[in-house]
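In: A structural model of the following input is requested.
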Amino acid sequence: MRQLRLVIHIIVNVILISYVYCEDLSVNIVPISSRFAKKQDVTINLNYKNKGSKSMLIYKWYLPTEQLFDPLFEVTRDGNSVEYIGPLVKRRSPKTEDMISIGAGQTMSTRVQLSSVYNMTETGNYVIQFKAKIKSTTSSSKIESLSSSNVLDESALESPPVKLFAEGRSNSILNEIQSKLASQSRSTTYSFTSCSSTQQTSIISAIKSAASYSSNCVQYLTKFTLPASSRYTTWFGTYSLNNLMTLRTHFTNINSVLSSKPMSFDCSCREKNTFAFVYANIPYKIHLCPEFWTSATVGTDSKAGTLVHETSHFTIVAGTKDNAYGQTDAKNLAKKNPTLALNNADNHEYFAENNPALK
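Out: Numbering: from 1, shown residues only. The predicted model follows:
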């Protein structure tokens, strides 16, 4: 997902914004009530405070203004983990316009509705805590784009936990999951919602290319021999047999979906700077967004690659997450943590697109 475009004041055509480390950023959450009836949305106020002496930038998706598109919270009910059932999103590589400035000493707040994207269908005592990794960056510089040279490791940011009582309520996402499961066996072809004939043609072409990508990956991983190739190590890090076998299963499942499963596509998404999103437990429905339509059919961050990325998110396929976006961060993730790379959708996409080509 992409939030609204950030307007940065330009003075003498030079953008000067100071970055600070995440220890200068604190976060807390305040429920709008301590008790929620079943017809009330469970809603909280999310408050960030810059405790430092310089301005800082954070990604806009940490300040959701409409719908929550990321699992930013850890939720439990009577000690049991509550599942995030909201969308999983393919974003483009982050740029400065995807960030928002918090001034020194400033507090910035937003209101977040949780019960639509967390499974709060059961009555109980809930504990909610913000838990996310926020990137910190180096000191003042002219900002034209975010590059790996001025971005440091992500730091965990946590809020104090808060408690509230909520009655169980119906959830539209879970209802759609049940409806999808009931109708899945009856569908044998592609279905489209709010897609023009031109868009449908483009999607079908992308599906064919994505199936070719995934088929190539299955063949590549089946014939894999040591020493590990640069293609493998670039996107999935240090070789291990377990990781190789897991990756082979992932791409076998991805290829099965793209080659033979009934898929549905919704073209109504208007989120800026976003390629697509899915709900992990609603196979095989993909919501396509503006960046998808401007991308090439094949190549880096392509339509075909996006379909590989999104298909990998489905729980019954590979259950990947969005631990890093863009080639640079995906490569860094593979170097630092092969396990997380194996669970990252963009690493699967870039391995499949193989652009530039690696052996």
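In: Look up the closest residue to residue 327, ignoring the ones flanking it.
Out: Closest residue in space to residue 327, ignoring its immediate chain neighbours: residue 350 at 5.8 Å, by CB to CB, 6 or more residues apart in numbering. All C-beta spots, glycine's among them, are computed from the backbone N, C-alpha and C.
In: so what secondary structure elements neighbour whichever strand or helix holds that neighbour?
Out: Residue 350 is part of helix 345-353, with elements assigned from DSSP states H and E. Counting contacts by 3 or more CB pairs under 8 Å, 6 or more residues apart in numbering; DSSP states H and E, helix 345-353 packs against strand 87-91, helix 197-222, helix 230-236, helix 241-260, helix 303-313, helix 326-336.
In: Dump stretch 260-272 to CSV, keeping only the CA atoms.
Out: Provided in CSV are the C-alpha atoms of stretch 260-272 (Å, rounded to 0.1, in the frame of the first residue of the first chain):
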residue,chain,number,x,y,z
SER,A,260,-4.1,-24.5,-13.1
LYS,A,261,-6.0,-22.9,-10.3
PRO,A,262,-9.1,-20.6,-10.6
MET,A,263,-7.9,-17.1,-9.8
SER,A,264,-9.9,-13.9,-9.3
PHE,A,265,-8.7,-10.3,-9.8
ASP,A,266,-10.1,-7.1,-8.5
CYS,A,267,-9.1,-3.9,-10.3
SER,A,268,-10.8,-1.4,-8.1
CYS,A,269,-7.7,-0.6,-5.9
ARG,A,270,-6.7,3.1,-6.1
GLU,A,271,-3.9,3.1,-3.5
LYS,A,272,-1.0,5.2,-4.9
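In: State the mean pLDDT of it.
Out: The average pLDDT for stretch 260-272 rounds to 94.
In: go on, stretch 27-36?
Out: For stretch 27-36, the per-residue pLDDT averages 96.
In: if we look at it, which residues are touching it?
Out: Outside stretch 27-36, the residues that touch it by CB atoms under 8 Å, 6 or more residues apart in numbering are 40, 42-49, 73, 111, 115, 128-130, 157-160, 162-167.
In: thinking again about what came up before, chain center to the helix holding residue 350, what's the gap?
Out: Relative to its chain's centre, helix 345-353 lies at 14 Å (CA atoms, centre = their mean, to the nearest Å).
In: Stretch 351-359 too?
Out: Distance of stretch 351-359 from the chain centroid (CA atoms, centre = their mean) equals 22 Å.
In: Touching, residue 119 and residue 81? I think so.
Out: No: using CB atoms under 8 Å, residue 119 is not in contact with residue 81; the gap is 9.7 Å.
In: Determine which member of those two has the greater number of neighbouring residues.
Out: The neighbour comparison of residue 119 against residue 81 (other CB atoms under 10 Å) goes to residue 119, with 18 against 10.
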